[in-house]
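# show me how the following folds:
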Amino acid sequence: MSTPRLLTTWLRTRSPDERRLLLARVGFVVDEDIPPQDLARLLLRRQAVVPLVRFCTLPQRQVLAAVAWLAAQRHGPLGYHLEGDDPASRAVPRADVLDLLAGPCLDRRTAADAVLDQLAGMALVLPPHGDQVIVPGAVHLDLAGETGLGRPAAELLAAHFNPPEVHAIAEVLGFPNARVREVAERNVLGLLGDPERVRALVAGAPASVRDWLLRLVGHGSRLRTHAYQVHSGYGYQHNVRYVVRPGGSGDPATDWLVAHGLLLPAGPPDVAEVPFEVATAVLGGPRVPFTPDPPPPPDDLPGADGAEGTAQAAATSALSQIERLLAACVDQPPTLRKAGGLAVRDTRRIAKATGVGEDLARFWIDLATQAELLGLYAEPVPRPKGHRGRLPEPVVNLLPTTEYDTWLKRSPVERLARIIGTWATLPATYTHWPAEAGTPVALTEPSDPHAVSLRYALLEALAAVPPGRGLPPDGLHYLMLRAAWHRPHHVSAARLGAEQAGAILREAGLLGVTAGGALTAVGHAVRDLLVSGEAWRSPEAALTTALSAMLPPAQATARFQADLTAVVPGMPDPSLAELLDGVAERESEGHAVVWRLSSATVRRAFDQGYEADDLLARLAEAAEGPLPQTLEYLVKDTARVHGRIRVVRSGCCLRADDEALIEELARAQALRALGLRKIAPTVLISAAGEEETLARLRAAGYAPALESETGATVVERAGTRRVPARS
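Now for the predicted structure:
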């Protein structure tokens, strides 16, 4: 039976969830099941195999590379035309794979056998899963050169040495002076091709050289070194030619290997390679690197006491800040620059309204946009009657989406679950902005294909920290080493550095995913969702469960104290937060949110249209107990002096029968430039003239009408401006 038919039969034994997980790892997220025969065809194609291989851990890649190398030795090199060939034509014995990876070591053979079983579950080792190992053709094409086994010495000498370098090695090895390169090269290759002579040569080397060579061939045959430098003599050469660097590499053991021909140029600058014959002789047979276990966490890790409390405070602050940021975008939508991204002044204004720094405001803007709570809207440009020319480019604003109103009605943990679920699969690290990228701006398109895997690898590394312990700030090196074990391709391709890794971990800390150098319960939920593929399908249920265990329910009341502070333990609900933000200054966030009232903040509430009795009534409704006398005195004393003398300079007058609408207009941030003041329950005055007042009202989403007889404007409530969500 052919491999495609065997694979189809095997896929029929998998559950729909297991088949969907395979698809998710390939990059396709679907809710419905896929027919096994269709999935089998897909899993044998290169466009599916490549992402599956990139999903592999280090030992999984090492096993696949060993299979590909053995197939190349047994069946010859593979051409690029893969689709028509049955992968079974390049099968290799399972025992040979175990020999190449583990030699006679029983524990390592058991570990390698387990990895082969893991790869079978990922459809990278194909059925029938017997004594022969079969892998998709793309594995042979991509991984045959990743074993770490060096190339033959003859290939390296011919490609990268001119005659003087070959003669120099022959002389060091004790051969008589040869008149031509061919004789000297034959002598050198004869020695390097004889395992007994190579072992005798190594046995006579200094102990430091022997130890260094064993470490080198045990972890792959390549080394970064300054032992060689480029030589451009002898005319044009297809391959780069090298000479030994005068003064050596700076490492005596490396220089000894270079002088004796045991470490030759590999091709790329500053990279050298132990020839295949030498590695085989030293190891007693061909071996490829095999690292079945990840790097263990450091010993004596400090305790992570209070980590869950820290995470709770971070998550509470994150949700509060995002809500205020979205409210700021409702009041005064920011504008997209023609060059892309938000203008710095808009970002700065939103950051100030939110009470955070500009870098954090950019992160929340981008995250809220990817969560489809904010979206871009191009204001239509009307064509004037008779106008035939080109219309100006429309103004593009950032507005709440239709999802925003639904999101606001949900519980705090449900709101935060959507944010964290978006972050988990975000193809970008927004807080990582390299210097060469220029000035940071919000609203850049996420385009990092490695970001999700890097995020997962770091979370997976943190998951290995023992319960109750946490990594200290200097533990980043361990995290990066372990991340490279979990996702070697992405860590290598992205050139993950401390700066980007630190940015990923900072984002996780801001959302309560990590705290105290360890994963929180929410962090473990994110990790599990990424492993299962559910992070791309329906992450919110699992995240809501984890967040519910960590966060208290939203509070509808505050504790007003005699020192003129208002304290809300945990998270305030949106209406309470709006009330307190309007009458007080937010002092701190975390386990509790603290506001402070003063004559200036109460005066600001009066400026927005509150009356003293109304304000006290609203505060009393929101209080856990009676209002302190100091607070009542503050409100009444401020009201007594507020507006005692009124000199009104009015550009026009606004009136409406709806008193609630007048209150709304008086407090609207988008209309602050009009200087609106309430002089009666149904009347406002504007400092601007009629045309500007009408224009600003319409820009803010209202539908005013001008009364020609009196000059007053009757305002009718307009529909709230929203952008359709992408999904």
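# in whichever strand or helix holds A158, what counts as buried?
Per DSSP states H and E: A158 is located in helix 153-160. Within helix 153-160, the residues that count as buried by 16 or more other C-beta atoms under 10 Å are 153-154, 156-157, 159-160. Quick note: C-beta positions are derived from backbone N, CA and C, even for glycine.
# now, which of those residues sits nearest G250?
H160 (20.7 Å; C-beta to C-beta).
# I figured the closest one hits V243, correct?
No: H160 lies out of contact with V243 (C-beta atoms under 8 Å); the separation is 9.9 Å.
# can you check the pLDDT for the residue positioned nearest the centre of the chain?
For the chain, A451 is the residue whose C-alpha lies nearest the centre (C-alpha atoms, centre = their mean; 3.8 Å). Listed pLDDT for A451 reads 92.
# give me phi/psi at it?
phi -60, psi -50 (degrees, to the nearest 10).
# list the contacts of it.
Residues in contact with A451 (C-beta atoms under 8 Å, 6 or more residues apart in numbering) are 426-429.
# kindly indicate which of the residues you listed lies nearest G357.
T429 (17.5 Å).
# neighbours of that closest one, how many?
Using other C-beta atoms under 10 Å, T429 has 23 neighbouring residues.
# next one: the one 3 residues further on
H432 has 19 neighbours, counted by other C-beta under 10 Å.
# what's the nearest residue to it if we skip its chain neighbours?
A503 (3.7 Å; C-beta to C-beta, 6 or more residues apart in numbering).
# looks to me like the one you found is in a helix.
Yes: secondary structure of A503 (DSSP: H, G, I helix; E, B strand; the rest coil): part of a helix.
# give me the distance between it and D359.
Relative to D359, A503 is positioned 10 Å away (C-beta to C-beta, to the nearest Å).
# the two - which one has more neighbours?
When A503 and D359 are compared for neighbours, A503 comes out ahead with 17 against 14, by other C-beta under 10 Å.
# next up, the contacts around the more buried one.
Neighbours of A503 in contact, by C-beta under 8 Å, 6+ apart: 429, 431-432.
# got it, and Q332?
Contacts of Q332 (C-beta under 8 Å, 6+ apart): 349, 669-670.
# for this protein, where's the lowest mean pLDDT among helices and strands?
Within the chain, no helix or strand scores below strand 712-716, which has a mean of 55 by mean pLDDT, DSSP states H and E.
# any regions of the chain where pLDDT drops low?
78-84, 232-238, 383, 643-648, 708-720, 727 (pLDDT under 70).
# remind me, longest helix of it?
Longest helix in the chain by number of residues (criterion: DSSP state H): helix 307-331.
# which residues does the following helix or strand past that helix contact?
Remark: after helix 307-331, the chain's next helix or strand is helix 344-354, criterion DSSP H and E. Under the contact criterion C-beta under 8 Å, 6+ apart, helix 344-354 has outside partners 321, 324-325, 327-329, 331-332, 334-335, 357-358, 360-362, 364-365, 439, 441-442, 669.
# same question, stretch 422-439
By C-beta under 8 Å, 6+ apart, stretch 422-439 touches 344, 359, 362-363, 366-367, 370-371, 440, 444, 446-449, 451-452, 454-455, 499-500, 503-504, 506-507, 511, 513, 526, 529-530, 535-536, 539.
# among the residues you listed, which are in strands?
Members of the contacts of stretch 422-439 lying in strands (criterion: DSSP state E): none.
# of those residues, which belong to helices?
Going by DSSP H, the helices hold 344, 359, 362-363, 366-367, 370, 451-452, 454-455, 499-500, 503-504, 506-507, 526, 529-530 from the contacts of stretch 422-439.
# any of those buried? List them.
Buried, going by 16+ other C-beta under 10 Å: 362-363, 366-367, 370, 451-452, 454-455, 500, 503-504, 506-507, 526, 529-530, out of those.
# report the contact partners of the residue lying closest to L529 once chain neighbours are set aside.
Sequence neighbours aside, A535 is the residue nearest to L529 in space, at 3.8 Å (criterion: C-beta to C-beta, 6+ apart). A535 makes contact with 421, 424-425, 526, 529, according to C-beta under 8 Å, 6+ apart.
# can you name the two of those that sit furthest apart?
Taking C-beta to C-beta, no two of the contacts of A535 sit farther apart than T425 and V526, at 9.7 Å.
# between the two, what contacts are shared?
Common neighbours of T425 and V526 (C-beta under 8 Å, 6+ apart) are 535, 539.
# rewinding a little: other residues contacting the helix holding A158?
150, 166, 185, 188-189, 192-193, 239-242, 261, 264-267, 273, 275-278.
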